[in-house]
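Engineer: Provided below are the primary sequence and the corresponding predicted coordinates.
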Amino acid sequence: MIYFEVNRNNDVTYIHNMPFDEKYGLGKTEQELRKTGILVESIPEAEQVTGKVPVLKYDGENLYYDYIDAPISEDERFNQLQNELGNILFESAKDKARINDLEMQQGNLLMEIALLKMGGNA
C-alpha cells in the first residue's frame with residue numbers, strides 16, 4: 001500500500017511508498033495512518049506535457065494530476081526580458097521619428113503663417 005497526505009487545496013503533500021515496512025515504514029498501524037492520510041494501492045503516472053509541471057491531487061475518491069505552467073529558467077527569463085526591451089526600444093524609436101515628423105510639420109506651418117502675415121508673398 002501507498003500512504004499519502006493532502007492539504008486543504010487537495011494537493012498531495014506527502015507520499016510514502018512503504019508505510020508498513022519494518023525498516024523504512026512509518027511505524028504506525030493502518031488505523032493510525034487513516035487518521036492523518038489516505039492509503040491506496042497505486043498512484044497514477046503523470047503525463048509528460050511540454051512546459052507544464054504535474055501536481056498530484058486527490059478529490060476525495062480519485063488521484064489525478066493538474067498541470068501548471070513550469071517555471072522558466074533564468075536564461076529563458078533573461079531572453080524574454082531582452083525581447084521585451086528590444087520591442088520597447090523599437091517603439092520608442094518609432095515614437096521619436098513621429099515626433100520629429102510632427103516638429104517638421106509644425107515648423108512648416110509656422111513658416112506658412114509667417115508668410116501669410118507678411119502678405120503671402122515670398
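Structural biologist: The structure has been received and is ready for your questions.

Engineer: The protein - how does it break down into domains?
Structural biologist: When the chain is parsed with automatic domain parsing, its domains come out as 2-69, 72-122.

Engineer: Would you map the helices across the protein?
Structural biologist: 30-36, 74-117 (DSSP state H).

Engineer: Quick check: buried residues in the first one?
Structural biologist: Meaning helix 30-36. Across helix 30-36, burial judged by 16 or more other C-beta atoms under 10 Å covers residue 33. In short, each C-beta sits where N, CA and C put it, glycine included.

Engineer: Contacts made by that helix with the rest, please.
Structural biologist: 3, 5, 19-20, 26, 39 (C-beta atoms under 8 Å, 6 or more residues apart in numbering).

Engineer: I'd like those as a markdown table, with neighbour count, pLDDT and distance to residue 119 appended.
Structural biologist: Below are those laid out as a markdown table (neighbours: other C-beta atoms under 10 Å; pLDDT from 0 to 100; distance: C-beta to C-beta, whole Å):
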| residue | neighbour count | pLDDT | distance to residue 119 |
| --- | --- | --- | --- |
| 3 | 22 | 97 | 99 |
| 5 | 15 | 97 | 93 |
| 19 | 21 | 97 | 102 |
| 20 | 16 | 95 | 107 |
| 26 | 15 | 95 | 102 |
| 39 | 14 | 96 | 101 |
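
Engineer: quick revisit: which of the domains of the chain sits most buried?
Structural biologist: domain 2-69 (a mean of 13; mean count of other C-beta atoms under 10 Å).

Engineer: and that one, how far apart are its ends?
Structural biologist: End-to-end distance of domain 2-69 (C-alpha to C-alpha, to the nearest Å): 28 Å.

Engineer: need the contact list for residue 117.
Structural biologist: Contacts of residue 117 (C-beta under 8 Å, 6+ apart): none.

Engineer: Now residue 49: phi and psi?
Structural biologist: phi -110, psi 120 (degrees, to the nearest 10).
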